[in-house]
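return atomic coordinates for the entry below.
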Amino acid sequence: MNLLITVPGRFFMRTELEGIFNDSTLLADLDSALPEGSVRELNPAGRRRIVILVTKEAHCLGDLLMKANYGGLDVEIAAVIGNHDTLRSLVERFDISV
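Residues are numbered from 1 along each chain as shown. Below is the predicted model:
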């Protein structure tokens, strides 16, 4: 399921930037280029804490757990929440709250 939030007359965009740049200069450039009333934020890149929602299928969860455990996915999995207990033993092997 995809969640789509619409607000009439608004455009939402998330962009990731890499490289060396000055935050205040970038914000000033954005302010001069964007229409008045635009909202923009800079959030520093870093390791995010996430929660994974699951049901009974293990393959997607297993892939995420392995990638997070071996550095292929730069996140901290804070918890796994499911509507069944089917995947509890898999999650517990990675010392993650269920």
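
going forward, measure contacts between C-alpha atoms and count neighbours the same way
Noted.

where in the protein is pLDDT low?
Within the chain, the ranges that satisfy pLDDT under 70 run 1-6.

how about a cut-off of 50?
Low-confidence segments of the chain (pLDDT under 50): 1-2.

can you give me the strands for the protein?
48-54, 75-82 (DSSP state E).

outside of the last one itself, list whatever touches it.
Residues lying outside strand 75-82 but in contact with it, judged by Cα atoms under 8 Å, 6 or more residues apart in numbering, are 47-56, 68, 91, 96-98.

related to what we said a few turns ago, pick the most buried one from the strands of the chain.
strand 75-82 (a mean of 16; mean count of other Cα atoms under 10 Å).

so what sits opposite residue 76 in the bridge?
Per DSSP bridges, the residues bridged to residue 76 are residue 49.

how near is it to residue 27?
Between residue 76 and residue 27 the distance is 29 Å, computed by Cα to Cα, to the nearest Å.

then residue 16?
14 Å.

which one's more surrounded, those two?
Taking other Cα atoms under 10 Å, residue 16 and residue 27 do not tie; residue 27 has more neighbours (14 against 8).

list the buried residues in stretch 32-45.
For stretch 32-45, the neighbour count (16 or more other Cα atoms under 10 Å) marks no residue as buried.

ends of that stretch, what's the gap?
24 Å.

which residues are contacting that stretch?
23, 27, 30-31.

the same query, at a cut-off of 10 Å, please.
Applying Cα atoms under 10 Å, 6 or more residues apart in numbering, the external contacts of stretch 32-45 come out as 10-18, 23-24, 26-27, 30-31.
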